[in-house]
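*Asks:* this is a predicted model, with the sequence first.
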Amino acid sequence: MAEPNVELRRAAEGDLYDLIELELSLMPDRPEVATEAARRQCDRLERQSKGHVWFVVAEHRGGIVGQLVLRLPGQPDRWGRDDRRDFADVEDVRVLSSYQRRGIATELLSHVEWECMREGIGRIGLAVAPTEGRDLAAWLGPLGYERPGEAYTIDRGGVDDPCDDEGAERVDMIKEI
């Protein structure tokens, strides 16, 4: 399938409805999380306005088809933790199912890598569930990401997040830019 021509840009408040729809499209069997999905997307827009994250969207034919949230070095994550001070951290990458496997996630990641280089940020990483590790390593490995250590457990600070049911065990994939 050919890669669609997408425009990459920072998310704006006017994108909120499409961003909520994107979040919900990945969990169609869980309508009870609609309020949490809306809160999460509003929180991302607010964190971007404070300079804590870059919230980048992929737009195709007037609709949002993908997103990437990159927490900047030294900024707190959505649970208030700030333990990753030495690199930018990809918090979330999402692409509508009908647009997956068409290069959009890679394009979003390449875009934020380029912006990081431009801003003098030398490392970028992301934490993934170990069960996703093989699939993500197959995607991220050729892009220069390496797994520097073993799995670890994160502490969410007691915050219950009904949109994130993957558990708290993670492994890092890091790239020197």
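*Replies:* That came in fine, so what should we check first?
*Asks:* so where do the helices sit in the chain?
*Replies:* Applying DSSP state H to the chain gives helices spanning 16-25, 34-49, 104-119, 133-140.
*Asks:* what strands line up against the helix or strand of the chain with the lowest mean pLDDT, and which way round?
*Replies:* Ranked by mean pLDDT, DSSP states H and E, the weakest helix or strand in the chain is strand 152-153, scoring a mean of 72. On the basis of DSSP bridges, the sheet neighbours of strand 152-153 come out as strand 169-176 (antiparallel).
*Asks:* what angle do the partner strand and helix 133-140 make?
*Replies:* Using axes from the mean of the first three to the mean of the last three Cα atoms, to 10 degrees, the direction of strand 169-176 lies 20 degrees away from that of helix 133-140.
*Asks:* buried sites along strand 169-176?
*Replies:* Neighbour-count burial for strand 169-176, counted by 16 or more other Cβ atoms under 10 Å, picks out 170-175. Bear in mind the C-beta positions are built from the backbone N, C-alpha and C, glycine included.
*Asks:* report the distance from the least confident helix or strand of the chain to the chain centre.
*Replies:* Relative to its chain's centre, strand 152-153 lies at 19 Å (Cα atoms, centre = their mean, to the nearest Å).
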